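> below is the sequence, then the predicted model.
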Amino acid sequence: MSKKFWETLPQGSVVLEAGSSAKFKTGTWRSMRPKWIEENCIQCMFCWMYCPDMSVKVNAEGKREGFDYDYCKGCGICALECPGKKGNKAIVMEEEGK
Amino acid sequence: MGKIVAVTGNEACAYALKQINPDVCAAYPITPATDLMQRFSGYVSNGQVDTELVLVESEHSAMSACIGAAAAGGRVATATSSQGLALMWEMLYIAAGTRLPIVMPLVNRALSAPLNIHGDHSDGMGARDTGWIQIYSENAQEAYDNLVQSFRIAEHLEIRVPAMVCMDGFIVSHSIERVEYIDDADVKNFVGKFQAVHPLLDLEHPKSYGPLILTDLYHEYKRAQHEVMTKVPGVVLEVAAEFEKMTGRKYGLFEEYRLEDAEIAIVVMSSAAGTTKDIIDQYREKGVKVGLLKPRMFRPFPFTQIAEALKHVNAIAVLDRADSFGGYGPLFSEIAGAVMSMDHKPAMINKIFGLGGRDYLPEQAEQVINELIKISETGKVGAIKEYIGVRE
Ligand code: SF4
Ligand code: SF4
């Protein structure tokens, strides 16, 4: 007898595949988009550390680059924490779709 | 051969846990369960068990730590009562939904307000819908035996469902009774080696517990959880049969006492069943055909089996040691559900008794049987739900 769909689900909703969250593009939730202003950036990496979604890209030299918009939810934490340079933020939040 | 001892229900359960030697226990003290874990922590301190005892700041944390330890792949136990169980509420659902075979003695106690530390079933009944197996014990021997069996039941690979083993606070937890202990080696052999399913500590196979499951799959997971509960009675009976082979002590989904030819019956759980049996014996001597049905497994509730056992009875009194305010007593509702499938429906009454540790006296059982005799003769039921043993 073939199993019903609900009988094939893993017991206790355990996800048996490692790294499966990569398939879940949380970027679709975003209503606000962080914008990086490179000239104000002091490379302190606060944004990288605070981002709950690993959406701050870092290059091979360990320098901060752009954002990974596939996963960035637009929470704005990076913009809030960014010290910027001489009072000018290196991250600002802009309305999505503008 | 085991040994015969004089111990309290708590002592017997602590001893069972010592013999089982779980990997992790996380617990927080609460009367009347405090004494159980306190005794067990003595075994931990004396190096008589290998258990990692996690002392936490609340019962919510106790159950959370148990969930973590069970997901990591360990055999896990805890114990609680009353407000402690109430504080665990959200974690109870998570343990069951995640299918973690945690075992927990629940020393039944009333819920606040007003504050009361004595025995009734309000705590257990409040957790009846959490997805845990619930087994109720009449005395210390049953509590000990049920606890040993519960590890096998909860951990059974076909089900993997957490289990509560209930006993009446103080009446059983703190009264000294004759208990027959099973030999350490036999308990160890009976319970067997713990088999982890999808342990987090299996680093070769990384996995995640507790994902977000929305409208596309949640309904299906609950359907699967419902299905697994239908398999529990079979497992409980299979484990009971093996237990009987080892100890000679017989357990079922419920106990029937002089029920076979009974015309009227009382349904009651836990310690009150003992008193009721004595009174039934007295009425039997007078020629009254009265019997008792004592549910052992309350979750899942064995509806069809109970309907079969009660099918020849004319009138039933269901005694609840908990109230569902604005509804019938929780046990009454289940028995009514069981009766629904019968062709010949017996008359039914519901008595709420013994709340907050109020003594259940022989006179109360007599009062109920007298009422059942009258109902059986006249076919007339007065009030369906009533409190008994109330000071008026
Ligand atoms: S907005 Fe939030 S999610 Fe997006 S990069 Fe900044 S901290 Fe990360
Ligand atoms: S927090 Fe601001 S200044 Fe610091 S690295 Fe990120 S963008 Fe640059």
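Here it is on my side, so go on. Ligands and ions are numbered 1, 2, ... in the order given.
> remind me which residues of the chain are low pLDDT?
Picked chain A for this. When residues are selected by pLDDT under 70, none of them lie in chain A.
> oops, chain B please
In the predicted model of chain B, residues B:1 satisfy pLDDT under 70.
> longest helix in it, by number of residues?
For chain B, the helix that runs over the most residues, judged by DSSP state H, is helix B:218-247.
> if we look at the following helix or strand past it, which residues are touching it?
The first helix or strand that comes after helix B:218-247 along the chain, using DSSP states H and E, is strand B:254-257. The contact list for strand B:254-257, computed with C-beta atoms under 8 Å, 6 or more residues apart in numbering or on different chains, reads B:138, B:273, B:277, B:280, B:291-297, B:302, B:305-306, B:309. For the C-beta atoms, the positions are set from N, CA and C on the backbone; glycine is no exception.
> among these, which ones are in helices?
The helices, defined by DSSP H, take in B:A273, B:K277, B:I280, B:Q305, B:I306, B:A309 from the contacts of strand B:254-257.
> quick one, what contacts the nearest residue to A:V56 once chain neighbours are set aside?
Nearest non-adjacent residue to A:V56, counting by C-beta to C-beta, 6 or more residues apart in numbering or on different chains: A:W48, 4.3 Å away. By C-beta under 8 Å, 6+ apart, A:W48 lies in contact with A:V56, A:V58, A:R64.
> how is A:W48 assigned, secondary-structure-wise?
Using DSSP: H, G, I helix; E, B strand; the rest coil, the structure places A:W48 in helix.
> that one and A:I91: what is the separation?
Distance, A:W48 to A:I91, using C-beta to C-beta, to the nearest Å: 11 Å.
> partners of the closest residue to A:S21 other than its chain neighbours in the sheet?
Nearest non-adjacent residue to A:S21, counting by C-beta to C-beta, 6+ apart: B:S208, 7.8 Å away. According to DSSP bridges, the residues that bridge with B:S208 are A:V15.
> B:S208 and A:S13 touch, don't they?
No: with contact defined as C-beta atoms under 8 Å, B:S208 does not count as touching A:S13 (9.4 Å).
> who's more crowded, these two?
Shown here are B:S208 and A:S13; by other C-beta atoms under 10 Å in any protein chain shown, A:S13 has more neighbours (20 against 15).
> from what I can see that one touches B:A96, true?
No: applying C-beta under 8 Å, one finds A:S13 not in contact with B:A96, separated by 11.7 Å.
> before we move on, back to that, who wins for neighbours among the contacts of A:W48?
A:V56 (22 neighbours).
> which residues does it contact?
A:C47, A:W48, A:R64, A:F67, A:D68, A:C78.
> which one of those is nearest B:E263?
A:D68 (75.4 Å; C-beta to C-beta).
> what about that closest one, distance to A:A22?
Distance, A:D68 to A:A22, by C-beta to C-beta: 11 Å.
> and the two? which has more neighbours close in?
Set A:D68 next to A:A22 and count neighbours by other C-beta under 10 Å: A:D68 wins out with 14 against 9.
> wait, the more buried one sits on A:C47?
No: judged on C-beta under 8 Å, A:D68 makes no contact with A:C47 at a distance of 12.0 Å.
> now the end-to-end length of stretch B:192-202.
Distance across stretch B:192-202, first residue to last, is 21 Å (C-alpha to C-alpha, to the nearest Å).
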